[in-house]
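[1] What would the 3D arrangement of this be:
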Amino acid sequence: MSKKDKKIILVAQCLINPYCRVHVLGQNFPLSHELMEYLMKLRVGIIQYPCPETTAMGLQRNPQGRQQYDNIFFRNHCKELLQIPFLMVEEFLKNGYRLVAYLGLRNSPTCGINWGKHKVNRYNTESPMPVDNPDPEDPVLMGIMAEILSEKFHALNLDVPFMELPIQQPAGSEERNRFWLDLKHLVEPRNPKFMAPDA
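    From the prediction side, this is the model:
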């Protein structure tokens, strides 16, 4: 017999409900369907948290950069939204499940993993549009929610891989292919069919 590899993943809500996404990032239901189908096929339990932007500002919000969300009020809102989902993660871990990754959204000011330099608007505040030719020396930050999650995992001494779904890149692109390879590497190595029988 093989060991049972019980897996969970923590995801941003808009990966399951693209209607939550601000319009400049697009909805891309087919990609969400592909992702959910893959996770379900591999028997990965999905834990999601409510979208912090939608719950703070509604569906008709204007696109903004990380700068506008980086305030004590929004950070506190994110922490409140994470209370139950994070307790669920801890309960699953306590019962022998493996947290394969946190999955955010590329170019999201809240749930992205690599937020680099972005253009500024006429009011000299950060826009959601990345600069065309970023300098490799420019600082790269996590989105606000992703940063808070990283701090919580660190406090529990948990080494959790962080990934972001490249929703704006076309199918077959280098970015999309790399995402799937990285996700499969995290999900499948301990899948029972790849594990040696128990001694």
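
[2] pLDDT below threshold where in the protein?
    1-3, 190-199 (pLDDT under 70).

[3] which one's the longest strand in it?
    Identified as the longest strand of the chain according to DSSP state E is strand 98-105.

[4] can you list the residues that contact it?
    For strand 98-105, contacts defined as C-beta atoms under 8 Å, 6 or more residues apart in numbering pick out 5-12, 14-15, 21, 25, 44, 89, 92-93, 111-113, 143, 145-146, 149, 153, 158, 160-165, 167, 183, 186-187, 190. Bear in mind the C-beta positions are built from the backbone N, C-alpha and C, glycine included.

[5] Contact partners for Arg75?
    Here Arg75 is in contact with 144, 148 (C-beta under 8 Å, 6+ apart).

[6] Actually, Leu81.
    Contact analysis of Leu81 by C-beta under 8 Å, 6+ apart lists 49-50, 52, 55.

[7] Next, the buried residues of the lengthiest helix in the chain.
    Assignment by DSSP state H gives helix 72-94 as the longest helix of the chain. Across helix 72-94, burial judged by 16 or more other C-beta atoms under 10 Å covers 74-75, 77-78, 81-82, 85-86, 88-89, 92.

[8] what's the most distant pair in these?
    The largest separation in the buried residues of helix 72-94, counting by C-beta to C-beta, is between Phe74 and Phe92 at 27.4 Å.

[9] Spatially nearest residue to the residue nearest in space to the middle of the chain, not counting backbone neighbours?
    For the chain, the residue nearest the mean C-alpha position is Gly104 (1.2 Å; C-alpha atoms, centre = their mean). Using C-beta to C-beta, 6 or more residues apart in numbering and skipping residues adjacent in sequence, the residue nearest Gly104 is Cys111, 4.0 Å away.

[10] Which parts of the protein are strands?
    For the chain, the strands defined by DSSP E occupy 7-12, 44-49, 98-105, 118-120, 126-130, 162-165.

[11] for those, which one sits closest to Phe29?
    Using C-beta to C-beta, the nearest of the strands of the chain to Phe29 is strand 162-165, at 12.9 Å.

[12] Next, the angle strand 44-49 makes with the longest strand of the chain.
    Interaxial angle of strand 98-105 relative to strand 44-49 (axes from the mean of the first three to the mean of the last three C-alpha atoms, to 10 degrees): 50 degrees.

[13] Strand 98-105 pairs with which strands?
    Strand 98-105 pairs in its sheet with strand 7-12 (parallel), strand 162-165 (parallel), by DSSP bridges.

[14] mind putting these in JSON lines, mean neighbour count and distance to Glu174 included?
    Converted to JSON lines, those look like this (neighbours: other C-beta atoms under 10 Å; distance: least, C-beta to C-beta, whole Å):
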{"stretch": "strand 7-12", "mean neighbour count": "24", "distance to Glu174": "23"}
{"stretch": "strand 162-165", "mean neighbour count": "21", "distance to Glu174": "15"}
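
[15] For the ones you listed, give me CSV that also has distance to Phe179.
    Compiled in CSV, these are given as follows (distance: least, C-beta to C-beta, whole Å):
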stretch, distance to Phe179
strand 7-12, 13
strand 162-165, 7
